[in-house]
Structure formats: structure tokens, C-alpha cells
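Asks: no letters, just coordinates:
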């Protein structure tokens, strides 16, 4: 049923961890991982859920494809179409997110370096699994559903009210998507204008001492940041303990 398919789809995230461990610890030589590197899991969960949703919806749309004779296309063609259609948006979404995490690898602090490395590798591994593991799972799930429908007796039941409401919401969403596509130039220009209009306000923000945002620089906070930037032993930290070194095993 749906719960089994959802549980097997979630298994994709668990399958990514052994592959991530091989890349990070074997290929990249990170012998010891810090506890902070596990924080990247929460980012990867959200990205993996998006990948699963995109592949699943693209697979559902492939059932409406027809060949030259007007018949339904085969399973192999559906898988090929699903992968080619989903690969491009997933690639750009995952690569940009992975890059935002991998940029932390420039840090000299080992925990931050491993956080970015593990997060970026996990996202790219999930991208590969979304285009290999998920299509296979969807094919098997659909084949199982067809077999189940063949052995079950057929009964004619009127469409429930919930199904009618779902169909109505789907029509409304399709109408909204069609309107956005017809006016995509105006919508994009409006978003760009809003970003440019809010840019001066965003640049004027500065973190306050209480971790909130104010519209003026905080002298006390700026002095604390300047002291933290001063190298030890005169700075805020008495030693360089915790920094990532270039020697083997120095994490």
C-alpha cells in the first residue's frame, strides 16, 4: 500500500549514509567525524523529500504518455522519460544546495569542515539514488498494484466526496499554474523588482548583541567580533585548539 511505498522511499536516505561514509572517510581521508557533522542530516532530509516528490509526480505524469498508435507506452519508455524530465530540475536544485554546504570546507575548524563535506556529499548521493533507486521502486510498486487489482473483485462505487474535492483542487492548481506560465515574464520581472527594492534594506541589517537584527551596527558586538578575529594569545581564544590542520590525522 501507500505506507509501504512511503517507507521504502524513505529508505533512500538510509542507503545514502554508507556511500557518504565511503566518500568522506575513505576517499577524503576523514578518519574521525565530529558530532556536528550529523547536523547536516536535517538539511538532507528536506532535500531528499523534494527529490522523492519530484520523481514520483513525474512518474505519475508518464502514465498519460501515448505512442504513435495512441496506446500507452511501455515501462522502459516511461522510466526513461521520468529520469530525463526529473534529472534537470533536480540537478540544479541539488548542486546549488550542495555547493552552499561544501563552501564550509574552506573553514579551518574541523567540525565546520566536516559539516559542509558530509552535507554536500549526502545531497549529491541522494541525487544519484533519486534517479536510480526511486524509478526502480516505482516500477515495482506499480506492478504490485496492478497484480493486486487483477485478483480483487471489481465493484462499482460512486466517487466519494473527498475524491471530488481533490479533483476540484487539482483543477484550481492547474489553472493557477497555467496563469503563471502565461504571465511568467511579468511574474519574474515583479520578483526581480521586489528583490532590488529590498536589497538596500537587507544590506542595512546588522546582528545585534541579543542575536536579533537591528538597523544599526552594535559597537559592543563589533568589538567582540574584532577580538575573536585577533590571533592567539592576544585574541579571544588563548590557543588554536580545534582548528583543522594539514597533517594526516589532525582533525
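Replies: Sure, I can see it. No experiment lies behind these values; they were computed from the predicted model shown. Numbering: from 1, shown residues only.
Asks: when you work out contacts or count neighbours from here on, use the C-alpha atoms and nothing else.
Replies: Noted.
Asks: ok, residue 45 - how many residues close by?
Replies: Residue 45 has 16 neighbours, counted by other Cα atoms under 10 Å.
Asks: that one is in contact with residue 13, isn't it?
Replies: Yes. Between residue 45 and residue 13 there is a contact at 7.3 Å, judged by Cα atoms under 8 Å.
Asks: tell me the pLDDT of the residue nearest to residue 81 when sequence neighbours are not counted.
Replies: Once flanking residues are discounted, residue 81 sits nearest to residue 62: 7.1 Å by Cα to Cα, 6 or more residues apart in numbering. Reading off the confidence values, residue 62 has pLDDT 84.
Asks: number the residues from 843 up from this point.
Replies: Yes, from this point I'll number from 843; that puts the last item at residue 904.
Asks: now residue 904: how far from residue 949?
Replies: Between residue 904 and residue 949 the computed distance is 44 Å (Cα to Cα, to the nearest Å).
Asks: quick one: which of those two has more around it?
Replies: A count of neighbours by other Cα under 10 Å puts residue 904 above the other of residue 904 and residue 949, at 20 against 14.
Asks: what separation do you get for the more buried one and residue 893?
Replies: Distance from residue 904 to residue 893, by Cα to Cα: 17 Å.
Asks: got a list of what the residue nearest to residue 923 touches?
Replies: Contact partners of residue 904, counting by Cα atoms under 8 Å, 6 or more residues apart in numbering, are 920, 923-924.
Asks: reformat these as JSON lines; add distance to residue 984.
Replies: Formatted as JSON lines, these follow (distance: Cα to Cα, whole Å):
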{"residue": "920", "distance to residue 984": "12"}
{"residue": "923", "distance to residue 984": "16"}
{"residue": "924", "distance to residue 984": "14"}
